[in-house]
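Asker: give me coordinates for this.
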Amino acid sequence: MAESSQNAGTGSVEEEEDENSEDSSLQLELSAFRAQWMSELLPSSGAKRGISRASDLKKKQELAREEKARELFLKAVEEEQNGAVYEAIKYYKSAMQLVPDIEFKINYNRSPDPDRVGGSYLEQNENEIDDLLAYFQQQLTVEHSSQKICEPEVETSQVHISALPMEVLMYIFRWVVSCDLDMRALEQLSLVCRGFYICARDPEIWHAACLRVWGRNCTKILPFTSWREMFLERPRVRYDGVYISKTSYIRQGEESLDGFYRKWHQVEYYRYLRFFPDGQVMMLTTPEEPLATVPRLRSRNTRMESILFGHYRLSQDTDNQTKVYVVVSKRKEEKVSEYQRSRFCRRNPAPDSDRTFHVGLQLSSGGRQRFNKLVWIHHSCHITYRSTGETVITAFDLDKMYTPLFFARVKSYTALSERPL
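Answerer: As a prediction, this is how the structure comes out:
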């Protein structure tokens, strides 16, 4: 009896344990079902997270693709300006494959144009330049108590340029600018280091440059904040190149001997104007192309017979437009001695009149360059007869033959410095 009762008790305990295990498994299944059910009821939160992550990833990929296309496009621009056209085409093609409209998404103020090296500095906001200048001056004052503008990067046994006195260094900077007012070279020099940047912003250099351009008309710095701003913003002609215009037209020729047909001729010729800081100017009209003519205009001692020499002046009228007035004539021949006259049998007779040409031009800016366009507003010829002293003025009609002159920079014009500023 005792054994039977004991066996019955153990059987009931086992049945209770089995029921408990079944209840726990049901609870686990029920909780899993509830969790799945809740996730199915609220799918938007997980979807939103997935969508936001996908959109962020897509934006990052687009930005990286656009940055890569921008680098390739600017590299293509640089190669094209260096003359490597085929390399430039490859970079252009790669950039446009990444972003088809990359050309319209580029900030051209950061353009690697070699003609504008230092040009980004020339077009910066004056407040930014003042802050940068003060920042560099403060840094040099803190780092170098000996008032040196720079320090050699690598130790050397030779004398470094920082050992020169400030007066000598500023004299070197004036040689860099030279009498031709090559301010672009000064801006390039300012990119060397912080000390050269401070020296290139010296007000005396920019004041001297303004005096060379405008003379007594720039005694007051107002309305500009600095002499540098006046030189960069005030309209003026440029000296590091030549203004060129091309004129072409078609005219009727003479009839043939049999009168069967009449020829037509296409005529092309160029006008060249080169200005100098001292007020002198050279003017030339010739059918020769710029490749052959521009090198001859490098020096004002050229021996070209058809070239005209004279002077010019700048005038700013009440309409706030700057005009350039030019008076040119042929250079007078030097007097020949009696001995030389006897040696040459045939000589051109001395002219009985003097001819001078008066030209009026309006200065304007076109494209990305400043002060690079001259528009004709007046052209006349003044003939003075020596025998009577009478002057006859002939004014020319400004028609389509007077095309605007556009500026072209010539590197060889400022390659050498004859005199300091």
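Asker: which residues does residue 328 contact?
Answerer: 281-283, 308-310, 356-357, 359 (C-beta atoms under 8 Å, 6 or more residues apart in numbering). Using the backbone N, CA and C atoms, a C-beta is placed for each residue, glycine as well.
Asker: SS state for the nearest residue to residue 272 once chain neighbours are set aside?
Answerer: Spatial nearest neighbour of residue 272, chain neighbours left out: residue 284 (4.4 Å); criterion: C-beta to C-beta, 6 or more residues apart in numbering. What DSSP: H, G, I helix; E, B strand; the rest coil gives for residue 284 is strand.
Asker: what distance do you get for residue 284 to residue 330?
Answerer: Counting by C-beta to C-beta, to the nearest Å, the gap from residue 284 to residue 330 is 11 Å.
Asker: again with residue 239
Answerer: Between residue 239 and residue 330 the computed distance is 23 Å (C-beta to C-beta).
Asker: more crowded one of those two?
Answerer: In this view residue 239 and residue 330 are compared by other C-beta atoms under 10 Å, and residue 239 has more residues nearby, 20 against 16.
Asker: surely the more buried one meets residue 179?
Answerer: No: using C-beta atoms under 8 Å, residue 239 is not in contact with residue 179, being 9.7 Å away.
Asker: between these two, which contacts overlap?
Answerer: By C-beta under 8 Å, 6+ apart, residue 239 and residue 179 have these common neighbours: residue 277.
Asker: tell me how many other residues crowd residue 274.
Answerer: Under the neighbour criterion other C-beta under 10 Å, residue 274 is assigned a count of 23.
Asker: which of the three states applies to it?
Answerer: State at residue 274, reduced to three classes by three-state DSSP: strand.
Asker: tell me the pLDDT of it.
Answerer: Note for residue 274: predicted pLDDT of 91.
Asker: pretty sure it contacts residue 281?
Answerer: Yes: here residue 274 reaches residue 281: they are 6.8 Å apart, a contact under C-beta under 8 Å.
Asker: in space, what's closest to residue 281 - neighbours in sequence excluded?
Answerer: residue 312 (4.6 Å).
Asker: quick one, what contacts the one you found?
Answerer: Contact analysis of residue 312 by C-beta under 8 Å, 6+ apart lists 237, 275, 279-281, 324-327.
Asker: okay, helices next: where are they in this structure?
Answerer: Using DSSP state H, the helices of the chain run over 2-41, 44-81, 85-98, 119-122, 126-143, 166-177, 183-189, 194-200, 203-214, 227-233, 290-293, 338-343.
Asker: rank those by mean pLDDT and give me the bottom one.
Answerer: Looking at the helices of the chain, the weakest mean confidence is helix 119-122, a mean of 42.
Asker: what's the spacing between residue 302 and residue 331?
Answerer: Taking C-beta to C-beta, one finds residue 302 at 10 Å from residue 331.
Asker: hmm, I was thinking of residue 206
Answerer: 34 Å.
Asker: can you check residue 295 too?
Answerer: Distance, residue 295 to residue 331, by C-beta to C-beta: 19 Å.
Asker: ok, residue 396 next?
Answerer: According to C-beta to C-beta, residue 396 stands 22 Å off from residue 331.
Asker: for the residue lying closest to residue 379 once chain neighbours are set aside, phi and psi?
Answerer: Distance criterion C-beta to C-beta, 6+ apart; nearest residue to residue 379, sequence neighbours excluded, is residue 396 at 4.6 Å. When read as degrees, to the nearest 10, the backbone of residue 396 gives phi -100, psi 140.
Asker: burial of residue 396, as a residue count?
Answerer: Close neighbours of residue 396, defined as other C-beta under 10 Å, add up to 14.
Asker: what's the spacing between it and residue 225?
Answerer: 43 Å.
Asker: same question for residue 75.
Answerer: As judged by C-beta to C-beta, residue 75 and residue 225 stand 37 Å apart.
Asker: so if I had to pick from these two, which one is more boxed in?
Answerer: Just comparing residue 75 and residue 225: by other C-beta under 10 Å the higher neighbour count belongs to residue 75, 18 against 13.
Asker: once you drop chain neighbours, what's closest to the more buried one?
Answerer: residue 91 (4.9 Å).
Asker: how many residues are close by that neighbour?
Answerer: 21.
Asker: do the same with residue 28
Answerer: Counted by other C-beta under 10 Å, the residues lying close to residue 28 total 10.
Asker: list the contacts for residue 353?
Answerer: Contacts for residue 353 (C-beta under 8 Å, 6+ apart) come out as 383-386.
Asker: pLDDT-wise, what's the bottom of those residues?
Answerer: Ranked by pLDDT, those bottom out at residue 386 (79).
Asker: quick one: residues contacting the nearest residue to that one once chain neighbours are set aside.
Answerer: Counting by C-beta to C-beta, 6+ apart, residue 386 lies nearest to residue 352, which is 5.6 Å off, once chain neighbours are set aside. If you count contacts by C-beta under 8 Å, 6+ apart, residue 352 has them with 385-387.
Asker: in strands, which of the residues you listed appear?
Answerer: Using DSSP state E, the members of these that fall within strands are residue 385.
Asker: rebuild the contacts of residue 352 as a markdown table, extending it with neighbour count.
Answerer: Listed next are the contacts of residue 352 as a markdown table, based on neighbours: other C-beta atoms under 10 Å:
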| residue | neighbour count |
| --- | --- |
| 385 | 12 |
| 386 | 11 |
| 387 | 7 |
